[in-house]
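Trainee: Here is my input; please provide its structure:
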Amino acid sequence: MRPFEYLEPKNLEEACSLLSKYKEEAKRRIIQHAKKLFSERGYSKTRMIDIAESMGVSKGAIYQYFSSKQDLLISVLQAHASTRGREVEKFLASGNIAVIATGEFFDRMLALRMGTLTLSLDLLRDAAANKTALHWIRESYELWVKGLSDIIDNFKKNGVIQEDVDSESIARGILAIRDGLYSSISLGTDVSKARRAWVTMMSSLMNEVLVDPHLA
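Mentor: Next up, the predicted model:
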């Protein structure tokens, strides 16, 4: 078979499909390697050449998919947020919102957390200096608030959560507790203490908002 023979017009549709899948897989792999290095070294100390070398490709190959390191970072954060969102949905598929007050839920979310204190500080520093990054982080946070608010509203409709509960305020409170505990872990707090604090605070919250507190 001649090179690129599959690009003959009779196979154009199949060729386009394969090319699209190849590009998506290439982007996925770049994001995966970048996430690993950003988490291990921090954002500022990770160069595009480092990511390329970890994959065994040239730096130019990465620039075919991402215009800059910041562009790549935002894609990493987007992919990471999607993964965590799907995990939350899996936990809540049982129809019991009180599951988020368990140590198991905390452990799973912590395992999916990306980065170290170094990375967190790098992201805050970059966001403060770059309007694009700051806009994305703000937008991402508000999307989490919206998603949690919608979930709480659904539980209200199903009679699980009290109707007079302010869904948005509860969503922001949950995220504040999560982010605060994650930050404390980055600063050196023992994970078991953070886990216990999560279970204690979230159990108390569930007791306040559930129609039947015994479900908590």
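
Trainee: what comes up buried for stretch 49-60?
Mentor: The neighbour-count criterion (16 or more other C-beta atoms under 10 Å) identifies 51-52, 55, 57 as the buried residues of stretch 49-60. In short, each C-beta sits where N, CA and C put it, glycine included.

Trainee: what's the average pLDDT for that stretch?
Mentor: Within the predicted structure, the mean pLDDT of stretch 49-60 is 91.

Trainee: From the chain's centroid, how far away is it?
Mentor: Stretch 49-60 has its average C-alpha position 24 Å from the chain's average C-alpha position, going by C-alpha atoms, centre = their mean, to the nearest Å.

Trainee: neighbours of residue 177, just the number please.
Mentor: Here the neighbour count serves as a burial measure; for residue 177 (other C-beta atoms under 10 Å) it reads 15.

Trainee: dump the residue contacts of it.
Mentor: Residue 177 sits next to 198, 201-202 when contact means C-beta atoms under 8 Å, 6 or more residues apart in numbering.

Trainee: Using the three-state scheme, assign residue 198.
Mentor: helix (DSSP: H, G, I helix; E, B strand; the rest coil).

Trainee: Reformat the contacts of residue 177 as TSV; add neighbour count and pLDDT.
Mentor: Rendered in TSV, the data for the contacts of residue 177 read as follows (neighbours: other C-beta atoms under 10 Å; pLDDT from 0 to 100):
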residue	neighbour count	pLDDT
198	24	96
201	16	96
202	22	95
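
Trainee: Out of those residues, which comes closest to residue 148?
Mentor: Comparing these against residue 148 with C-beta to C-beta picks out residue 202 as the nearest, at 12.6 Å.

Trainee: any weak-confidence spans in the chain?
Mentor: Along the chain, the parts satisfying pLDDT under 70 run over 1-20, 22, 114-121, 123-124, 126-130, 215-216.

Trainee: How much space separates the residue positioned nearest the centre of the chain from residue 88?
Mentor: With distances taken as C-alpha atoms, centre = their mean, residue 81 lies nearest the centre of the chain, 2.1 Å away. Here residue 81 is placed at a distance of 11 Å from residue 88 (C-beta to C-beta, to the nearest Å).

Trainee: Many thanks, we can stop here.
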